[in-house]
Every structure is written in structure tokens, then in C-alpha cells.
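Asks: Structure, please.
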Amino acid sequence: MKRLTAVRMLLGGFAAVLLLVGCGGGGAGEGTGSQGPAPSGPVSVLSWIPPTSYKDSAALDPVRDLDYYEIYVRQDANFTDSDLPAVQVAAVSGTVSPDGQSVVQSLVTEFTLESIPSLPASNNLFISMRAVGIDKQKSAFMAPIIWNRS
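Replies: Numbers count the residues shown, from 1 in each chain. Got it, this is the predicted structure:
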């Protein structure tokens, strides 16, 4: 596993890391929602730490207060509020407990970038993301990460 870049967002501890993982025949990343075949080469996984406070430093419970993340892709690093997200990723995922009696909520903290539909034709792309609360308030963009798809 190779860490390319780590950044911290102004939104109290929201960090993302782009990881490259060799794919030895495994499937797509957990929670990606990808319906296509598993990538055959290196897999790029965006991994992050959810925020624990709002922009104004008020406490935030990611499991209770976050709705989803928006992942943005551009050929330059100039993300703006008029950009549309390439994909939305749920902030929380429910899985059935081992005894089958309840649903356990867990934070989603990674996404396989190859599962984004209709990526721009470029080897170097910039990735950014935002957290979106259940009240639909959005965080600022995280600092862009360069993703080399070659």
C-alpha cells in the first residue's frame, strides 16, 4: 500500500488519503456500490477520517449527523460551488449483527475511485470531497489530491 497524499480540511479533522492497492483478483472496495467487474490492475482507494466538529467548532457525531460525502473529479484543482459531484457516498452503512438480531451502524471511510462513472479522459485528475450533514449543510472542499490513473 502506498500513501500518495494526506490532507486536512478546515472542517475540524476531516482528512483524506489516496491509497494505491495492488489487486490480486479481489473485488471492488467495500461499500462502493460498484456493479461492474473488479479492476484488473492497481486500485485507487480514497480513504478519509470523518469530521468530529462543524466549521464553527461545535461537536459533530459523524454516525448521527452526517448524511453522505460528495466526491468531485476535475482536470484542474479549481473546485467551485457550481461543480457537480461525480458521485455521492453514504456516510453511514448498516450491517446486520452477527446474531442477526440488530443492525450495526458503521462509518463509511473509503471509496474505490475506479467505480466513478464517466471519468474525464486524463491520466492526472484532481479529487476533492465534501461532507454533507443530514440538514444538507455542506463542508468546505478538502484540499485537492492528484490522482494519476496510469
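Asks: use CA for all of it now, contacts and neighbours both
Replies: OK.
Asks: For Ser44, list each beta-bridge partner.
Replies: Assessed by DSSP bridges, Ser44 has beta-bridge partners Leu20.
Asks: Show the pLDDT at it.
Replies: On the pLDDT scale, Ser44 is placed at 87.
Asks: and it, how many neighbours does it have?
Replies: 23 (other Cα atoms under 10 Å).
Asks: thought it was touching Glu114?
Replies: Yes - in terms of Cα atoms under 8 Å, Ser44 counts as a neighbour of Glu114; the distance is 6.9 Å.
Asks: ok but Asn78 is inside a strand, no?
Replies: No - applying DSSP: H, G, I helix; E, B strand; the rest coil, one finds Asn78 to be coil, outside a strand.
Asks: And it, what's its pLDDT?
Replies: 95.
Asks: OK, contacts around it?
Replies: Residues in contact with Asn78 (Cα atoms under 8 Å, 6 or more residues apart in numbering): none are found.
Asks: quick thing: my sequence starts at 375, can you match it?
Replies: Noted, 375 is the first residue going forward, which turns the last one into Asn452.
Asks: hang on, isn't Asp441 packed against Gln511?
Replies: No - taking contacts as Cα under 8 Å, Asp441 lies outside contact range of Gln511: 9.8 Å.
Asks: out of the two, which sits in the more crowded spot?
Replies: Between Asp441 and Gln511, counted using other Cα under 10 Å, the more crowded position is Asp441 (19 against 12).
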